[in-house]
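K.L.:
Here is my input, please return the structure:
(one chain, ligands or ions: 2)
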Amino acid sequence: MRKDVLLDVIELNAGYGGKPVLQGVDFQVREGEIVAVIGRNGVGKSTLMKTLIGLLSTDKGSINLDGASIDLLSAHKRARKGIGYVPQGRDVFPRMTVLENLLVGESIAGKSTPGKVDEIYRYFPILKERADQRAGTMSGGQQQQLAIGRVLMGDPSMILLDEPSEGIQPNIVQDIARIMVELNRETGVTVVFVEQNVDMIRAMAQRCYVMDKGRIVAELDREMLQDRDTIRRYLSV
Ligand SMILES: Nc1ncnc2c1ncn2[C@@H]1O[C@H](COP(=O)(O)OP(=O)(O)O)[C@@H](O)[C@H]1O
Ligand SMILES: [Mg+2]
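P.N.:
Residues are numbered from 1 along each chain as shown. Ligands and ions are numbered 1, 2, ... in the order given. Purely as a prediction, here's the structure:
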């Protein structure tokens, strides 16, 4: 069965105050896929994520979600349309407890779903254990799980993750990758993630786009992702 295209990015250009970074990014993600965007530091991966969620505006080209352009929508409206965004460095509210962080996620999304917190606790048991702990006192891996849990509170149809493995111990990287694959399988949520960690790419991605100098320069299929050296080679493009 061929699934429908959920995210269609066409000739996307964006940057910072006249400094062009994205210079014609083209790619597509189908409903229910897990797709990685890989590439060296500075090639524009975070800029792409920020443009997709609407923290940066589209200068040229377009971003289509489920067949409709979202270029003119604010980040806030895009979140309400079902895009969840976990920034690089994760950004949880350090002085709030784990549960308070989750409830903020619910209010950002503008809807509350009964039983959502418990569902998230099932995927991320550590968040239940630490529900009353201040987020800033947790490890990087725990904070990453909280940041993901926080966007899940809004019941997104697509999650954007920017370098989820950054600063996290290898065994926790594997745990997070496994949970994301489970979530995807059980809920059908689409996942687009930026990564440079070969283990996380292999554990999570079904397909992969390679970015260089503000463009997508290659695509790796499932078979190519089997080979660590292939991934390493493309990470150093
Ligand atoms: N806030 C900003 N203002 C100006 N330039 C920026 C800003 N953030 C990133 N850049 C520049 O944009 C380019 C792409 O950065 P980024 O998207 O963060 O790359 P990546 O995530 O692939 O490491 C880099 O040259 C970086 O210096
Ligand atoms: Mg980045």
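K.L.:
which bits of the protein sit near ligand 1?
P.N.:
Applying C-beta under 6 Å from any ligand atom, one finds that the chain approaches ligand 1 through 16, 19, 21, 39, 41, 42, 43, 44, 45, 46, 47. C-beta coordinates here come from the backbone N, C-alpha and C atoms, glycine included.
K.L.:
Out of those, name the ones that lie in helices.
P.N.:
45, 46, 47 (DSSP state H).
K.L.:
and the residue nearest to residue 145 when sequence neighbours are not counted, what does it touch?
P.N.:
Among residues not flanking residue 145 along the chain, residue 124 sits closest, at 4.6 Å (C-beta to C-beta, 6 or more residues apart in numbering). The contact partners of residue 124, taken as C-beta atoms under 8 Å, 6 or more residues apart in numbering, are 145, 146, 148, 149, 179.
K.L.:
Out of these, give me the two with the largest separation.
P.N.:
Among these, the pair separated by the greatest distance (C-beta to C-beta) is 146 and 179, at 12.6 Å.
K.L.:
So for these two, which sits in the more crowded spot?
P.N.:
Neighbours were counted for residue 146 and for residue 179 using other C-beta atoms under 10 Å; residue 146 has more, 28 against 16.
K.L.:
Tell me the secondary structure at that one.
P.N.:
Following DSSP: H, G, I helix; E, B strand; the rest coil, we place residue 146 in the helix state.
K.L.:
surely it meets residue 103?
P.N.:
No - contact criterion C-beta atoms under 8 Å: residue 146 and residue 103 do not qualify, at 11.9 Å.
K.L.:
circling back to that earlier point, ok, so of the contacts of residue 124, who is nearest residue 138?
P.N.:
Among the contacts of residue 124, and counting by C-beta to C-beta, the member closest to residue 138 is residue 146, at 7.0 Å.
K.L.:
what about the helices in the protein?
P.N.:
Remark: helices assigned in the chain by DSSP H are 45-53, 75-80, 98-109, 116-123, 125-129, 140-152, 170-187, 198-204, 228-235.
K.L.:
elements contacting the helix or strand of the chain with the lowest mean pLDDT?
P.N.:
Using mean pLDDT, DSSP states H and E, the weakest-scoring helix or strand in the chain turns out to be helix 98-109, at a mean of 88. Packing partners of helix 98-109 (3 or more C-beta pairs under 8 Å, 6 or more residues apart in numbering; DSSP states H and E): helix 75-80, helix 116-123, helix 140-152.
K.L.:
which parts of it are buried?
P.N.:
98, 99, 101, 102, 103, 105, 106, 108, 109 (16 or more other C-beta atoms under 10 Å).
K.L.:
Same question for stretch 43-61.
P.N.:
By neighbour count on 16+ other C-beta under 10 Å, the buried set for stretch 43-61 is 43-54, 56, 58-59, 61.
K.L.:
Pull the most distant pair out of the residues you listed.
P.N.:
Longest distance between any two of the buried residues of stretch 43-61 is 20.8 Å, between 43 and 54; criterion C-beta to C-beta.
K.L.:
Looks like residue 92 contacts residue 145 (just checking).
P.N.:
No - with contact defined as C-beta under 8 Å, residue 92 does not reach residue 145; the gap is 9.8 Å.
K.L.:
Which one's more surrounded, these two?
P.N.:
A direct count of neighbours by other C-beta under 10 Å for residue 92 and residue 145 places residue 145 higher, at 28 against 25.
K.L.:
And the more buried one, how close does it get to residue 153?
P.N.:
Distance from residue 145 to residue 153, counting by C-beta to C-beta, to the nearest Å: 13 Å.
K.L.:
re the thing from before, weakest of the helices of the chain by average pLDDT?
P.N.:
Sorting the helices of the chain by mean pLDDT places helix 98-109 lowest, at a mean of 88.
K.L.:
relative to helix 116-123, how tilted is that one?
P.N.:
In terms of direction (axes from the mean of the first three to the mean of the last three C-alpha atoms, to 10 degrees), helix 98-109 departs from helix 116-123 by 120 degrees.
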